[in-house]
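J.: quick one, structure for this:
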Amino acid sequence: MVRDRGRHPQRQLRAREGDSSKGKVPHSTGDPMIGAFFLAAILAVWQPSPRIEYTVQVADPVSHLYEIRIDVAGVRSDSLDLAMPAWAPGVHAIMDYAKNVQRFDAASHQGRPLSWAKVDKQTWRISKSVNDDVRVSYQVYSGDLNDQMANVVTGAALFMYVVGHQEKPVSVKYDAPGGWNVYSPLDKKGDRHVAASYEALIDAALFMGDSKTLEFESAGTRYFVLFSNPRVQATGQQIIADLTDIIDAAGAAFGKAPYREYRYFIKVLPTSAAGGAGLAHFNSSWIAVGEDDFVTQAGYRRFLDAAARNLVHAWNGKRIRPQAMAGNDYAREAYTKLLWFIDGASAYYADLLQLRAGVLTGVEFLNKASLDVNTLQHQAGRRLMSAEEASWNVWLRSDNSVNNSISHVLKGKVVALLLDLEIRGRTKGEKSLDDVVRHLLSNYADKNLGLPEDGVQRAIEAVTDSDFGPFFQSAVRSRQELEYNRHLSHAGLRIDISRQPSTIYFGIETERTEANQVRIRRIVPNSPAARAKLDAGDVVLAMDAERVTADNLTSRIHSKRIGKPVKLTILRGPRLLEIDLIPAEFQEERWTIVEAPNASPEQVRIRDRWLQTR
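T.: A predicted model of the protein is given here:
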């Protein structure tokens, strides 16, 4: 818990017996330093809490500029520091939001200009007199701001914080263009939205503009789904029915919803390429979808995946939080080894809740789980990084990440599945990962405590009365292969590894350029491309003197013969090169979760209960 070190319990100052100034602060006839000390103490006792008020104006959306004003009153010091956060809640990356700030200015509330200076990349220090209240103004550039559709706004990208006062209540007023609506999950008092702290302010999604809105209720809690494009083709009844079932499943698993209202802000994009991307907030979230995602099964499934995952984060991530992320320090990275559970287990529950809601069948659920396992087993970095290491290193962005790292979300999702089955197996189906999450909620979240680094293991051991040290050493802390069959066997399941038909193999992963050219994104280690000394970033122009484009790359590759050299014409920076590559034969392994033969009645019972088939 963050304590306000500037406040002390009020003390009554009583006049000395016989003093004629009874009831007043006595005059000191001693050391003037002692008198100064007591005066400072009195001021500390009676100093009012600072008042921090934000105003956001969008005068001209086409300019891509937000106008921000901050009024700070009651900070009695000769300087005032304001800073932009380096990252945002739920975004495990240094975003350096200060880079988009321009035209910073500061004045007293009487309008007197105040001098200021930047003291680091994201902090502005204002010089003032002790009694000065301050008005700060600045602009924030946002390429996403426009007048064509509603705008999803990340609070961390807009709002500076008053350093040392992040835990104080704040309020914000939005001055939007005519015809625009402002949607915020924060409580509103008068014309201002109020937040209990700076973190509560920036952990609330914001929608500005026109929208299509769906509204429904589940277990006494109101939900809203707002689309940035009012003309999006979305079937409201189906969305409401599926989300209601998922929300009800979450409540059955974790307990009562930890919010009074919840809002889904849906950012509709021209393409579905970013479909499913988004960010979970305290009692809201935003999700990116393509214009046609709601008319295709694949697109709609991506939307439901993101909606379920973000909902789970309301419990696991926002209430259950690592100690390292439970403070107010947004100036630097917050390192923890628990993100495999916070993000990975939440992704696992996104699928599990859809299964329990009837959105997925048991077969579809296992197919998704098999796809996750198969994807993980084809990542070279799985042998170089554990789940805990992937969590700790999430702040790093390596140019070679496809070869030397893994996704903490993917690894954590697979581990969470195996962990759930291990718990069910050891307790003969009496306990599950649900019980662990509820234990974490009651022992940490409900007490406003951050989760210690060993908190997940301790919770599991408390719930199961069993030693999970070997499991965590093997599956979470080590880089060794996961023991799939050992854990899957609790539910009468196993891994089947099949070889796919032989195919020609270059060992490259590519991406399309704006000019429809083929750029190599990754070279697979020990592949024909690696032996030919191709490099990431090379642009493939031709094969055997025939032009290559992003549209015909696959057909060009499959027209070649295994073992016969292929002459590649590539562009590497300013140089045009010809490189000989000898294609190899490749049989891809496919990892699939299947039912084990001769499963015992208890294993079948655990599987059926897990998959909700009985």
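J.: switch to C-alpha atoms for all contacts and neighbour counts from now on
T.: OK.
J.: now do stretch 199-210: distance to the chain's middle.
T.: Stretch 199-210 sits 15 Å away from the centroid of its parent chain (C-alpha atoms, centre = their mean, to the nearest Å).
J.: now tell me what touches it from outside.
T.: By C-alpha atoms under 8 Å, 6 or more residues apart in numbering, the surrounding residues in contact with stretch 199-210 are 88-89, 147, 149-156, 159, 166-167, 170, 176, 179-186, 194-195, 228-230, 265, 281-286, 328.
J.: now, these that are in helices?
T.: Among the contacts of stretch 199-210, the members found in helices (DSSP state H) are G155, A156.
J.: among the contacts of stretch 199-210, which ones are buried?
T.: Burial by neighbour count, judged by 16 or more other C-alpha atoms under 10 Å, picks out 88-89, 147, 149-156, 159, 166-167, 170, 176, 180-186, 194-195, 228-229, 265, 281-286, 328 from the contacts of stretch 199-210.
J.: what pLDDT does the most centrally placed residue in the chain get?
T.: The chain has G90 as the residue nearest its centroid, 3.2 Å off, counting by C-alpha atoms, centre = their mean. Looking at G90, its pLDDT stands at 92.
J.: that one contacts A280, correct?
T.: Yes. In this structure G90 lies within contact range of A280 using C-alpha atoms under 8 Å: 6.8 Å.
J.: please parse this protein into its domains.
T.: The record's domain parsing of the chain by automatic domain parsing lists 1-47, 51-209, 315-493+605-614, 503-586.
J.: can you redo those as TSV with distance to G220?
T.: What follows is these, written out as TSV (distance: least, C-alpha to C-alpha, whole Å):
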stretch	distance to G220
domain 1-47	31
domain 51-209	17
domain 315-493+605-614	18
domain 503-586	48
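J.: between those, which gets the lowest average pLDDT?
T.: domain 1-47 has the lowest average pLDDT among the domains of the chain, namely a mean of 42.
J.: helices of the stretch 451-600 of the chain, residue ranges please.
T.: Here the stretch 451-600 of the chain has its helices, by DSSP state H, counting those that start in this stretch, at 455-464, 469-471, 484-488, 528-531, 553-558.
J.: okay, those in CSV with distance to A83 and mean neighbour count next?
T.: Output for those, formatted as CSV (distance: least, C-alpha to C-alpha, whole Å; neighbours: other C-alpha atoms under 10 Å):
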stretch, distance to A83, mean neighbour count
helix 455-464, 32, 18
helix 469-471, 42, 13
helix 484-488, 47, 19
helix 528-531, 46, 19
helix 553-558, 49, 14
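J.: save the ones you listed as a markdown table, and put in distance to G317 too.
T.: Compiled in a markdown table, these are given as follows (distance: least, C-alpha to C-alpha, whole Å):
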| stretch | distance to G317 |
| --- | --- |
| helix 455-464 | 13 |
| helix 469-471 | 23 |
| helix 484-488 | 26 |
| helix 528-531 | 41 |
| helix 553-558 | 42 |
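J.: closest one to S502 among those helices?
T.: If you check each of these against S502 by C-alpha to C-alpha, helix 553-558 wins as the nearest, at 11.7 Å.
J.: what about dumping the CA coordinates of that closest one to CSV?
T.: C-alpha atoms of helix 553-558 as CSV (Å, rounded to 0.1, in the frame of the first residue of the first chain):
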residue,chain,number,x,y,z
LEU,A,553,6.2,-16.3,-54.0
THR,A,554,4.6,-19.6,-53.0
SER,A,555,4.1,-20.8,-56.6
ARG,A,556,7.7,-19.8,-57.4
ILE,A,557,9.0,-21.9,-54.5
HIS,A,558,6.9,-24.9,-55.3
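J.: tell me which other helices or strands that helix touches.
T.: Helix 553-558 sits against no helix or strand, with contacts defined as 3 or more C-alpha pairs under 8 Å, 6 or more residues apart in numbering; DSSP states H and E.
J.: can you give the contact residues for stretch 522-541?
T.: By C-alpha under 8 Å, 6+ apart, stretch 522-541 touches 402-403, 505-510, 517-521, 547-549, 568-573, 579-584.
J.: run the chain-centre distance for that stretch.
T.: With C-alpha atoms, centre = their mean, you get 33 Å for stretch 522-541.
J.: how long is that stretch end to end?
T.: When the termini of stretch 522-541 are compared using C-alpha to C-alpha, to the nearest Å, they are 17 Å apart.
J.: can you list the buried residues in that stretch?
T.: So stretch 522-541, judged by 16+ other C-alpha under 10 Å, has buried residues 522-524, 527-530, 534-541.
J.: so which of those residues sit within strands?
T.: R522, I523, V539, V540, L541 (DSSP state E).
J.: got the end-to-end distance for stretch 201-218?
T.: Chord length of stretch 201-218, first to last residue, is 26 Å (C-alpha to C-alpha).
J.: follow-up on the earlier one: ramachandran angles for the residue nearest to the centre of the chain?
T.: phi 90, psi -10 (degrees, to the nearest 10).
J.: with just CA atoms, put the helix or strand harbouring M208 into CSV.
T.: Using DSSP states H and E, M208 sits within strand 206-209. Provided in CSV are the C-alpha atoms of strand 206-209 (Å, rounded to 0.1, in the frame of the first residue of the first chain):
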residue,chain,number,x,y,z
LEU,A,206,-11.9,6.6,-23.4
PHE,A,207,-14.1,6.9,-26.5
MET,A,208,-14.8,10.2,-28.2
GLY,A,209,-17.0,10.6,-31.3
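J.: in strands, which of the contacts of stretch 199-210 fall?
T.: 151-153, 170, 181-183, 194-195, 265, 284-286.
J.: can you redo those as JSON lines with distance to R438?
T.: Listed next are these as JSON lines, based on distance: C-alpha to C-alpha, whole Å:
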{"residue": "N151", "distance to R438": "36"}
{"residue": "V152", "distance to R438": "32"}
{"residue": "V153", "distance to R438": "32"}
{"residue": "V170", "distance to R438": "31"}
{"residue": "N181", "distance to R438": "38"}
{"residue": "V182", "distance to R438": "35"}
{"residue": "Y183", "distance to R438": "31"}
{"residue": "V194", "distance to R438": "30"}
{"residue": "A195", "distance to R438": "27"}
{"residue": "F265", "distance to R438": "27"}
{"residue": "S284", "distance to R438": "21"}
{"residue": "S285", "distance to R438": "22"}
{"residue": "W286", "distance to R438": "26"}
